[in-house]
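Engineer: I'd like to go over a predicted model; first the sequence, then the structure.
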Amino acid sequence: MSSTHAPSPAPAAERRVRHQARDAAALMAFSFATSVGAAVALALLTGLSGLGR
């Protein structure tokens, strides 16, 4: 009788979770940068519109 064991799926599942966490962190960073960019653009536009008065 051979007692070979099939590889457990835990390392692959761990890799997927790590990859998901990396993707989530990248999405949060992108969202933060986009929000800051939009806020700065709106602040500049409102500031520039006040200069024309």
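Structural biologist: It's in. Please read these numbers as outputs of a predicted model, since none were measured by experiment.
Engineer: alpha carbons only for contacts and neighbour counts from here, please
Structural biologist: OK.
Engineer: from the middle of its chain, how far away would the helix or strand hosting residue 43 be?
Structural biologist: Using DSSP states H and E, residue 43 maps to helix 10-51. Centroid separation for helix 10-51 versus its chain: 6 Å, with C-alpha atoms, centre = their mean, to the nearest Å.
Engineer: same for it, what does it pack against?
Structural biologist: Here helix 10-51 touches no other helix or strand, going by 3 or more C-alpha pairs under 8 Å, 6 or more residues apart in numbering; DSSP states H and E.
Engineer: quick one: average pLDDT of that helix?
Structural biologist: Helix 10-51 shows a mean pLDDT of 91.
Engineer: if I look at residue 37, how far off is residue 21?
Structural biologist: Going from residue 37 to residue 21 by C-alpha to C-alpha, to the nearest Å gives 24 Å.
Engineer: same question but for residue 43, I mixed them up
Structural biologist: From residue 43 to residue 21 the distance is 33 Å (C-alpha to C-alpha).
Engineer: repeat for residue 46
Structural biologist: 37 Å.
Engineer: Same question for residue 14.
Structural biologist: For residue 14, the distance to residue 21 - C-alpha to C-alpha - is 11 Å.
Engineer: now swap in residue 45 and tell me
Structural biologist: Relative to residue 21, and taking C-alpha to C-alpha, residue 45 is found at 36 Å.
Engineer: So residue 4: helix, strand or coil?
Structural biologist: What DSSP: H, G, I helix; E, B strand; the rest coil gives for residue 4 is coil.
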